[in-house]
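Peer 1: sequence unavailable; structure follows:
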């Protein structure tokens, strides 16, 4: 799944679209995605000017966005392989909204030039709630680990289905 398709599946836009490419996806099970971290990221201006570090909260956000793509692809299999022009406009789409982060651990700093490899798998699904587990790695080293919960909502009403 290339960047235009990712942008068609997620509602986020620059500078908050934090998934560049999906390299592997198995709907209903797991996903692997990439985020290329460049010095041009707007957060590096203030975090920190003399030693740029990707904020941990944005590492978590990138992992959760990856989980959102997995959830969308799990309920709408066409999203897994669709060309952006084949997807309907954003408004009728379902959206995975973050409801909780658990067991977050940061193990390695992420700096400009790094490539985050994000892996997410579904632990369980109960109705519109999804419990997922994610890991962000750089060069095979774990940068962050987390569990998170998302709820499937209608983008127009912002309420669970």
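Peer 2: That came in fine, so what should we check first? Everything numeric here is computed off the predicted structure, so don't read it as measured data.

Peer 1: now residue 141: how far from residue 106?
Peer 2: Separation of residue 141 from residue 106 (Cβ to Cβ, to the nearest Å): 12 Å. In this view, the C-beta of every residue, glycine as well, is placed from N, C-alpha and C.

Peer 1: what's the answer for residue 140, then?
Peer 2: Residue 140 is 16 Å from residue 106, by Cβ to Cβ.

Peer 1: between the two, tell me which one has more neighbours.
Peer 2: With other Cβ atoms under 10 Å as the criterion, residue 140 and residue 106 differ in neighbour count, and residue 106 comes out ahead with 15 against 6.

Peer 1: per-residue confidence for the more buried one?
Peer 2: What the model reports for residue 106 is a pLDDT of 98.

Peer 1: surely it meets residue 143?
Peer 2: Yes - using Cβ atoms under 8 Å, residue 106 is in contact with residue 143, at 7.0 Å.

Peer 1: isn't there a helix covering residue 8?
Peer 2: Yes - the assignment for residue 8 (DSSP: H, G, I helix; E, B strand; the rest coil) places it in a helix.

Peer 1: host element of residue 63?
Peer 2: Per DSSP states H and E, residue 63 falls inside helix 56-75.

Peer 1: buried sites along that helix?
Peer 2: Buried residues in helix 56-75, counting neighbours by 16 or more other Cβ atoms under 10 Å, are found at 56, 58-75.

Peer 1: with stretch 121-139 instead?
Peer 2: 122, 128, 130, 131, 132, 133, 134, 135, 136, 137, 138.

Peer 1: least confident pick among those?
Peer 2: Within the set of these, pLDDT is lowest for residue 128 (90).

Peer 1: between residue 106 and residue 143, what contacts are shared?
Peer 2: Here residue 106 and residue 143 have residue 59 as joint contacts, going by Cβ atoms under 8 Å, 6 or more residues apart in numbering.

Peer 1: next secondary structure after the helix or strand bottoming out on mean pLDDT in the chain?
Peer 2: Here the helix or strand of the chain ranked lowest by mean pLDDT, DSSP states H and E is helix 78-81, holding a mean of 57. Counting by DSSP H and E, the next helix or strand C-terminal to helix 78-81 is strand 94-106.
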